[in-house]
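> Okay, sequence plus prediction incoming.
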Amino acid sequence: MSRPVIGMSTGRMAVDYGPVPQYPLTYVPVDYVEAMLEAGGLPMPLALHEVGLYEGAVAEQLAHCDGLLLSGGVDISPAMYGEQPHPDLNATTPDRDAHELALLAEARRRGIPVLAICRGIQLVNVAYGGTLYQDIPSQVPAAIQHAQRSARHLPSHDVTVTEPSRLYGLVGGSLAVTSFHHQAIKDLGADLDVVATAPDGIIEAVEATDHPWLVAVQWHPEMSHGADAASKAIFDAFVRQCAGE
């Protein structure tokens with residue numbers, strides 16, 4: 001039986017590539033690829049391009065996919081939710097914002113499963129009409145450390161999961177997670193349910209009420225899937241949904 005094809009959003013970066021300085025790349029971190037393969041999916045990175053450059057390109061990209069994974073990455077531009085840049089806003093990629101919004105809109109139209117991670121949950125919230133904290137340390141009093149300094153596969157803080165929710169059925173009522181972000185959901189978008197929070201109240205997971213299967217988490221299960229049963233369970237469940245099981 002063939003593996004379900006998982007479209008994965010990609011980022012953009014420039015690196016020194018041999019004799020070519022600042023060579024532009026579109027990329028997806030290897031952790032996502034390995035987590036998806038181990039869960040039984042076939043990862044297909046969706047090349048980042050300027051929306052509108054090729055008519056129908058986003059629809060054609062997802063036409064080959066059984067599910068969509070929105071990956072982590074750089075900050076989302078506050079212009080997407082009607083705010084001015086905060087002094088501690090990091091780099092943004094407006095083309096990526098537009099591409100992922102278009103991918104999510106097409107995934108919602110087709111009703112295919114969506115798993116969103118870190119930046120992905122923020123993108124989902126913006127797409128549903130919500131806003132973001134542009135910088136947690138300066139905007140959330142008494143916030144815990146959300147940009148951990150330990151190795152990426154090691155958990156750094158706890159998350160409480162509420163029931164009933166799909167996530168609760170997968171991981172139970174609490175888990176320790178890996179965390180690398182400084183933005184987070186502020187005002188919740190419409191048709192989203194909060195299903196997990198950090199000890200400081202930061203929203204850590206949401207699920208969509210208007211979609212067959214859309215789960216979004218703020219932490220990084222792809223970094224810990226190899227050693228953490230809860231992280232693996234999230235990818236396994238997503239791939240099963242994409243396979244129509």
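It's in.

> Tell me, how many residues neighbour T197?
16 (other CB atoms under 10 Å). (Each C-beta comes from the backbone N, C-alpha and C, glycine too.)

> right, and it touches Q218 too?
No - assessed by CB atoms under 8 Å, T197 is found out of contact with Q218, at 9.6 Å.

> okay, and the common contacts of the two?
203-204 (CB atoms under 8 Å, 6 or more residues apart in numbering).

> Can you list the neighbours in contact with the longest helix seen in the chain?
If you go by DSSP state H, the chain has its longest helix at helix 94-110. The list of residues contacting helix 94-110 from outside it, by CB under 8 Å, 6+ apart, reads 7, 9-12, 46, 48-51, 58-59, 61-62, 67-68, 70, 73-74, 76-77, 79-80, 114, 120, 123-124, 126-127, 210-211, 214.

> Report the secondary structure state of D187.
coil (DSSP: H, G, I helix; E, B strand; the rest coil).

> ok, it - contacts?
D187 touches 130-131, counting by CB under 8 Å, 6+ apart.

> which stretches of the protein form strands?
Taking DSSP state E to define them, one finds strands in the chain at 5-9, 11-17, 20-27, 42-46, 67-70, 114-117, 132-133, 157-161, 174-177, 184-185, 192-197, 203-208, 214-217.

> what packs against the second one?
Contacts defined by 3 or more CB pairs under 8 Å, 6 or more residues apart in numbering; DSSP states H and E place strand 11-17 against strand 20-27, helix 94-110.

> again, only this time at 6 Å
Judged by 3 or more CB pairs under 6 Å, 6 or more residues apart in numbering; DSSP states H and E, the packing partners of strand 11-17 are strand 20-27.

> Other residues contacting the strand it packs on?
Contact with strand 20-27 is made by 10-15, 17, 47-48, as judged by CB atoms under 6 Å, 6 or more residues apart in numbering.

> Report the strands that pair with it, each with its relative direction.
Paired neighbours of strand 20-27 in the sheet (DSSP bridges): strand 11-17 (antiparallel).
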